[in-house]
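Visitor: Based on what follows, work out the 3D shape:
(one chain, ligands or ions: 1)
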Amino acid sequence: MTYDAIVIGGGPAGATTATVLAQHGRRVLLLERESFPRFHIGESLMPYTWFSFERLGVLDWLKRSGSPRKHSVQFVSTSGNVSQPFYFFETIKHDCASTWQILRSDFDTMMLENAAAKGAEVRQGVAVRDVLMEGDRVIGVQADGADGKLEKHLASVVVDATGRDTLLAGRLGCKRRDPDLTKIAIFTYFTGALRDPGLDEGATTVAYIPEKGWFWYIPLVNDMVSVGVVADHDYLYRGTRDPEMIFQREAKGCRWIRDHLAQGTRLNSMRVTGEFSYRATTAAGDGFCLVGDAFSFLDPVFSSGVFLALKSGELAADAIHVGLDGGDITASTFDGYTREVCRTLDSFRQIVMAFYDRTFSFGAFLGAHPDLQPLLVDALVGNVSDGLQPLLDALGAFMKRTDRRPADAMSP
Ligand SMILES: Cc1cc2nc3c(=O)[nH]c(=O)nc-3n(C[C@H](O)[C@H](O)[C@H](O)COP(=O)(O)OP(=O)(O)OC[C@H]3O[C@@H](n4cnc5c(N)ncnc54)[C@H](O)[C@@H]3O)c2cc1C
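Guide: Okay, here's the model as predicted:
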């Protein structure tokens, strides 16, 4: 049987692509290597994920999931000063102003089950080993089958949603690391750690450490908290490469994190993610496209990863639907998709670069450009459109100014 589409990987990007294609009435096969629920990092959502969830029909699950509501983000300076929380509802007059902190094992399982419920054929525990090609055109995949034998599956289009495994970008040799964002992350979970009261209970906290590194603190269901430290490879690995010792050392030096973890109990060993940010030089070709982390990964400081996974999944599925109506899926089917995804990534990247710039502070920037505050908020909640250009231009110009003094690490 030839499918309309095969999706490789069942994370948020793959599940979204498969769901939207099934909603369009297309025959979709989704192959996921793991058996869900499986662990995944990346729990803090951006407010504008709401609109993807609405389209996918999963808002009710989120509302009933018991996931902490995220109304805000707050920043803590290296000296321990906590910024006024940045409440989304102050700017957004829509229910999306309150989003969620999700346990990915539960969330990803729900997303995959939703894809199946909407009509996609979902197979778990099936690893794709390679894509099948006819010249430059991808025509299907080769995947684990029964009795340890490889099976072939054919489709008009193959969507790579393999996340940081980057199956196709690896095979095509087109994955490029971002040389300006060479960070690593070391992270784990706690239970019983301190939560801020009231509205701030589900806030994401970004607590700075020296050299523009930072901790995330993300409250989750069942009294769990996801805590991780992100910084330059050379900074974190100074003196030791032991993740345990590095985490303890940095937590000890960061008063807010130390105080919040003091009463907590560690739940797991440390995990490490290196080779942080990258992008493939191509997002699509004849018979294929790349979505979510399979195309690009951007530093997670503004929690943009799941948003980008959902958004790229939706855009790719819509492009494929139109392409199938036209009878052929070629590289040009995805021109609009590539433009839109790259524009969004470029916007987020510029703001991430500002965050890490040693002499930049959002406070000083907004002091010079108070009129741009609404656009900065738009960017941080995921309301990304062409209208962001004045903000991006001003950020670029501000970062080039030579009269800036090294910023206090406090932000915004
Ligand atoms: C340290 C860190 C912190 C982060 N924090 C946040 C955050 O707070 N908020 C946020 O929004 N994002 C965050 N992210 C980013 C977020 O985790 C990702 O952007 C998101 O998971 C991307 O979704 P995806 O579907 O593209 O990939 P994934 O979620 O990785 O899914 C890919 C799936 O493909 C499967 N797969 C891989 N290879 C194969 C194969 N050969 N055959 C079949 N299946 C395969 C995998 O098993 C996996 O299930 C963070 C990332 C990191 C590294």
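Visitor: where exactly do the helices run in the stretch 201-350 of the chain?
Guide: 233-236, 243-252, 255-261, 305-326, 335-356 (DSSP state H, counting those that start in this stretch).
Visitor: Contacts for the first one, please.
Guide: The reference is to helix 233-236. 182, 183, 184, 186, 210, 211, 213, 229, 246, 250, 274 (CB atoms under 8 Å, 6 or more residues apart in numbering). C-betas here are computed from N, CA, C, even on glycine.
Visitor: For the spatially closest residue to the second one that is not a sequence neighbour, list the residues it contacts.
Guide: Using CB to CB, 6 or more residues apart in numbering and skipping the chain neighbours, the partner closest in space to residue 183 is residue 276 (4.5 Å). Listed by CB under 8 Å, 6+ apart, the contact set of residue 276 reads 178, 181, 182, 183, 184, 185, 297, 299.
Visitor: How about residue 324?
Guide: With the criterion set at CB under 8 Å, 6+ apart, residue 324 makes contact with 4, 26, 156, 157.
Visitor: Can you lay out the contacts of residue 276 as CSV showing distance to the ligand, neighbour count and secondary structure?
Guide: What follows is the contacts of residue 276, written out as CSV (distance: CB to the nearest ligand atom, whole Å; neighbours: other CB atoms under 10 Å; DSSP: H, G, I helix; E, B strand; the rest coil):
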residue, distance to the ligand, neighbour count, secondary structure
178, 13, 19, coil
181, 12, 18, coil
182, 14, 15, coil
183, 9, 24, strand
184, 9, 21, strand
185, 4, 19, strand
297, 6, 24, strand
299, 9, 22, coil
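Visitor: and of these, the nearest to residue 284?
Guide: Distance to residue 284, by CB to CB, is smallest for residue 297 among the contacts of residue 276, at 17.5 Å.
Visitor: give the contact list for that closest one.
Guide: Taking CB under 8 Å, 6+ apart as the test, what residue 297 contacts is 164, 276, 277, 278, 279, 305.
Visitor: With residue 352 as the reference, measure out to it.
Guide: In this view, residue 297 and residue 352 are 12 Å apart by CB to CB, to the nearest Å.
Visitor: Same check on residue 191?
Guide: With CB to CB as the criterion, residue 191 and residue 352 are 31 Å apart.
Visitor: Show me which of those two is the more surrounded one.
Guide: Neighbour totals were compared for residue 191 and residue 352, and residue 352 leads with 20 against 13 (other CB atoms under 10 Å).
Visitor: so residue 397, which of the three states?
Guide: Look at residue 397: counting by DSSP: H, G, I helix; E, B strand; the rest coil, its state is helix.
Visitor: of all the residues in this structure, which ones are close to the ligand?
Guide: 8-14, 31-34, 40-44, 127-128, 161-165, 167, 185, 187, 228, 273, 292-294, 300, 303, 305-307, 309 (CB under 6 Å from any ligand atom).
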